[in-house]
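what follows is a predicted structure for the sequence shown.
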Amino acid sequence: MDKEKELLAAALKLFVEFGFHGTPTSKIAKEAGVANGTLFHYFKTKEELIVKLYIRIKEELNGHMLSKLDDQTPLEIRMKTVYEESIQWALVHRDEFYFIQQFHFSPHLAKVSAEDLEKQTRMHAALLGEGVESRIFKALPVNLIGTLLASQLYGVHQYLVNNDLPVSKQKEVIDETFVLLWQMITNIKS
């Protein structure tokens, strides 16, 4: 494993355990088994390290979801795939998902470049745009629909983490909550 990956892995572990403010760079360097100066060779500041870790995790999550999508399927199927795969990924990658949540509610989000934000949201924006343009979605602001989707995903993930459910019951919860979500954001009558 290269030093940058070791530093990012150590940072992830410590940020999840102690938060951004409770994790000095010296602690990250020590956890990675390198000198503090080595950390600053790879990352000029702690904030740069935090943002880089976020971008790396989001790229991994988006890559996973894109590998599961088929552009030829109806919008509802693609939206369900993104929803299911996001939750499944989050259940397997708990630290990474917790870090994403932590990052979204921190001032560090403002430090992500417009280009990186566009790359991270491109797939979601395309799906939401398609739903709005085709009038499948209710006449709501796109960013509100996105917020509703994210809130549902975070909430269902938290429910699944807090309850020791067998895999079959987890799948049932994910399926049922997607139906509720779809009904909430679409004009489609069931």
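Looks like it arrived, so ask away.

tell me the bridge partners for Thr186.
Going by DSSP bridges, Thr186 is paired in beta bridges with Phe137.

contact partners for it?
If a contact means C-beta atoms under 8 Å, 6 or more residues apart in numbering, then Thr186 has Glu76, Gly131, Ile136, Phe137, Lys138 as its contacts. Every C-beta, even on glycine, is put in place using the N, C-alpha and C of the backbone.

of those, closest to Tyr54?
Gly131 (26.5 Å; C-beta to C-beta).

can you count the residues close to that closest one?
21 (other C-beta atoms under 10 Å).

show me the contact partners of stretch 153-171.
Contacts of stretch 153-171 (C-beta under 8 Å, 6+ apart): Tyr83, Ser86, Ile87, Ala90, Leu91, Arg94, Phe97, Gln101, Val173, Ile174, Thr177.

Leu144 belongs to a helix?
Yes: judged by DSSP: H, G, I helix; E, B strand; the rest coil, Leu144 forms part of a helix.

and it, how many neighbours?
For Leu144, using other C-beta under 10 Å, the count is 11.

any idea how far Val132 is from it?
From Leu144 over to Val132 the distance is 11 Å, taken as C-beta to C-beta, to the nearest Å.

now do the helix or strand hosting Glu115: distance to the chain's middle.
Assignment of secondary structure by DSSP states H and E places Glu115 within helix 114-133. Put simply, helix 114-133 sits 14 Å off its chain's centre (C-alpha atoms, centre = their mean, to the nearest Å).

name the helices or strands packed onto that helix?
Using 3 or more C-beta pairs under 8 Å, 6 or more residues apart in numbering; DSSP states H and E as the contact test, the elements touching helix 114-133 are helix 46-68, helix 75-92, helix 142-162.

what sits closest to Met65 if chain neighbours are left out?
Spatial nearest neighbour of Met65, chain neighbours left out: Glu85 (5.1 Å); criterion: C-beta to C-beta, 6 or more residues apart in numbering.
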